[in-house]
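Chemist: dropping the sequence and predicted coords here.
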Number of protein chains: 2
Amino acid sequence: MVDVRLPRAEQVKVRPAGTEELTTRDRIVEVAARLFHQYGYHATTMRQIAGGVGIKAASLYNHFASKQELLTTISYGTMCEMLASVQTALAGVRDPGEQLRAFVRAHTTYCIAERYRARVADELRDLDPENLLDVVAMRDRYEAVLRGILAALDASSGGAVGDVTLVANAIGTMASQVSTWYRDDGRLSPDEIADVYAALALGAALAGVSQSGARARPR
Amino acid sequence: MVDVRLPRAEQVKVRPAGTEELTTRDRIVEVAARLFHQYGYHATTMRQIAGGVGIKAASLYNHFASKQELLTTISYGTMCEMLASVQTALAGVRDPGEQLRAFVRAHTTYCIAERYRARVADELRDLDPENLLDVVAMRDRYEAVLRGILAALDASSGGAVGDVTLVANAIGTMASQVSTWYRDDGRLSPDEIADVYAALALGAALAGVSQSGARARPR
DNA sequence: CCTACCGATCGGTAGG
DNA sequence: CCTACCGATCGGTAGG
């Protein structure tokens, strides 16, 4: 297993607006995430990454043992941040419907704010098997949170959700894909998009009951 | 613009179960789609594709001028097939709600049946600019169909859908992502998944009205 | 559809 | 963090 030397999720700081204050290591991660997103892992060269940071390719190896370790750092770190962000958003929220809203809102907001990282982390194809294990484990924890919320929603609504795993996949992938179409010059702000997505997710999760009218919908 | 020599969408035939009857050209497309999906465009080599077909790498160039033309053929052909499949599914359907169900069911079914092609076509990053134009044009036609359905649904439901473009993006990406998590040994059949997805999409599209009691969303 | 081959470029290393 | 460099491998071509 590669040592990705990540800070614990709780300690991750918000990045400052400028890049002047970042360490070289953090700037490498930033540039690499952007390039991996734009061209893909294999189409991005270490020379491109180095150029974006303002150093030579060989110097990258003072910070990362390999291109693969760089990818792992981005993917694993992003997964940790995503998990931390929804956990924060869920703190103190009891109602399953409100939990789903909070989850989707936090997830959507993160996928927009950190859209390059989010895209890279969503693409597990280029990770070596041993690194893949760690990232997938973190992703599973993330998905388990969503499934838990949907299971609670299902129980409190008399089985309105139905297939919890399937609905979790549908809602999870839907929200993750915001990062593929979001544009900075779009009509809606990230917060507005996140609110709509939260409503869409709740509507989808309760679709069975709200459409068939066969069962009472909880308030 | 690369000549991708595609049959018109209406003429596309259902592939037979075995691969013995396919032409070498079609087998190359089949193998390439599978490998591009599994490893990515840049991580797949012409030698791998040739090996999968049972010929040598140089022989591929009797069928395709370049690796890029092969990718374009897959992406553009898949987009044409997807468009044709939803158009067939929509034939004669008048009710906007039923149109949405038919659209999502057809799209989901296609994304499962042709999941390798669907994944490759969903990834536009590796297409050269001139080829990208053609594929994006076809994708835009596809999305316009969905937006049209949602606009009709919005009109017939007193503005329940709200932001048609946003909802179209959400539903479209959700359904496309089935191909990322579908497993042949899963509990549900493709048809069952497609039915659930159709219900989820309708629930999401009408989420505003079903959750807030017909309160119009701010435009 | 094959063998033989090539220029370009890649990830990574040596050594300072 | 740099210059200099290398083995491996890639997409593609020549010529049959």
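Modeler: Thanks, I have the structure now.
Chemist: hang on, A:A113 packs against A:S189?
Modeler: No: contact criterion CB atoms under 8 Å: A:A113 and A:S189 do not qualify, at 11.5 Å. All C-beta atoms are positioned from the backbone trio N, CA, C, and that covers glycine.
Chemist: who's more crowded, these two?
Modeler: Ranked by neighbour count (other CB atoms under 10 Å in any protein chain shown), A:A113 and A:S189 place A:A113 first, with 15 against 10.
Chemist: lowest average confidence, helix or strand, in chain A?
Modeler: helix A:207-212 (a mean of 57; mean pLDDT, DSSP states H and E).
Chemist: just give the nearest non-adjacent residue to A:T108, would you?
Modeler: Leaving aside its sequence neighbours, A:T108 sits nearest to A:A194 (CB to CB, 6 or more residues apart in numbering or on different chains; 4.1 Å).
Chemist: tell me which parts of chain A are close to chain B?
Modeler: A:38-43, A:125-126, A:162-163, A:166-167, A:169-171, A:173-174, A:176-177, A:180-181, A:188, A:193, A:196-197, A:199-208, A:210-211 (CB under 8 Å from any CB of the partner chain).
Chemist: among those residues, which ones are buried?
Modeler: Among the residues of chain A next to chain B, those buried by neighbour count (16 or more other CB atoms under 10 Å in any protein chain shown) are A:40-43, A:126, A:162-163, A:166-167, A:169-171, A:173-174, A:176-177, A:180-181, A:193, A:196-197, A:199-208, A:210.
Chemist: and the top helix by length along chain A, what does it pack onto?
Modeler: Longest helix in chain A, counting residues (DSSP state H): helix A:129-156. If contacts are counted by 3 or more CB pairs under 8 Å, 6 or more residues apart in numbering or on different chains; DSSP states H and E, helix A:129-156 sits against helix A:67-90, helix A:96-113, helix A:164-176.
Chemist: ok, which of these comes nearest A:V136?
Modeler: helix A:67-90 (9.0 Å; CB to CB).
Chemist: close to DNA strand D, is that closest one?
Modeler: No: Helix A:67-90 does not reach DNA strand D (CB under 7 Å from any atom of the strand); its nearest approach is 12.4 Å.
Chemist: now do that helix and helix A:96-113, the angle between them.
Modeler: Angle, helix A:67-90 to helix A:96-113, by axes from the mean of the first three to the mean of the last three CA atoms, to 10 degrees: 140 degrees.
Chemist: then helix A:67-90 to CSV, C-alphas only?
Modeler: Extracted in CSV, the C-alpha atoms of helix A:67-90 (Å, rounded to 0.1, in the frame of the first residue of the first chain):
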residue,chain,number,x,y,z
LYS,A,67,2.6,9.2,-11.1
GLN,A,68,0.5,6.4,-9.6
GLU,A,69,1.1,7.7,-6.0
LEU,A,70,0.0,11.1,-7.2
LEU,A,71,-3.3,9.7,-8.5
THR,A,72,-3.8,7.7,-5.3
THR,A,73,-3.3,10.8,-3.2
ILE,A,74,-5.9,12.7,-5.2
SER,A,75,-8.5,9.9,-5.2
TYR,A,76,-8.1,8.8,-1.6
GLY,A,77,-7.9,12.4,-0.3
THR,A,78,-11.0,13.4,-2.2
MET,A,79,-13.0,10.4,-0.9
CYS,A,80,-11.9,11.3,2.7
GLU,A,81,-13.0,14.9,2.2
MET,A,82,-16.3,13.9,0.8
LEU,A,83,-17.1,11.5,3.6
ALA,A,84,-16.1,14.2,6.2
SER,A,85,-18.3,16.8,4.4
VAL,A,86,-21.5,14.7,4.6
GLN,A,87,-20.8,13.6,8.1
THR,A,88,-20.6,17.3,9.1
ALA,A,89,-23.8,18.0,7.2
LEU,A,90,-25.6,15.2,8.9
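Chemist: does anything pack onto that helix? Which helices or strands?
Modeler: Secondary elements touching helix A:67-90 (3+ CB pairs under 8 Å, 6+ apart): helix A:24-39, helix A:96-113, helix A:115-122, helix A:129-156.
Chemist: get me the contact residues on chain A for DNA strand D.
Modeler: Going by CB under 7 Å from any atom of the strand, the residues of chain A near DNA strand D are A:T24, A:A50, A:I55, A:K56, A:A57, A:A58, A:S59, A:N62, A:H63.
Chemist: how about the nearest residue to the last one, chain neighbours excluded?
Modeler: Same thing as A:H63. A:R25 (4.7 Å).
Chemist: circling back: want to throw the helices and strands packed on helix A:67-90 into JSON lines with mean pLDDT and distance to A:I74?
Modeler: As requested, these are exported to JSON lines (pLDDT from 0 to 100; distance: least, CB to CB, whole Å):
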{"stretch": "helix A:24-39", "mean pLDDT": "98", "distance to A:I74": "5"}
{"stretch": "helix A:96-113", "mean pLDDT": "98", "distance to A:I74": "14"}
{"stretch": "helix A:115-122", "mean pLDDT": "97", "distance to A:I74": "5"}
{"stretch": "helix A:129-156", "mean pLDDT": "97", "distance to A:I74": "10"}
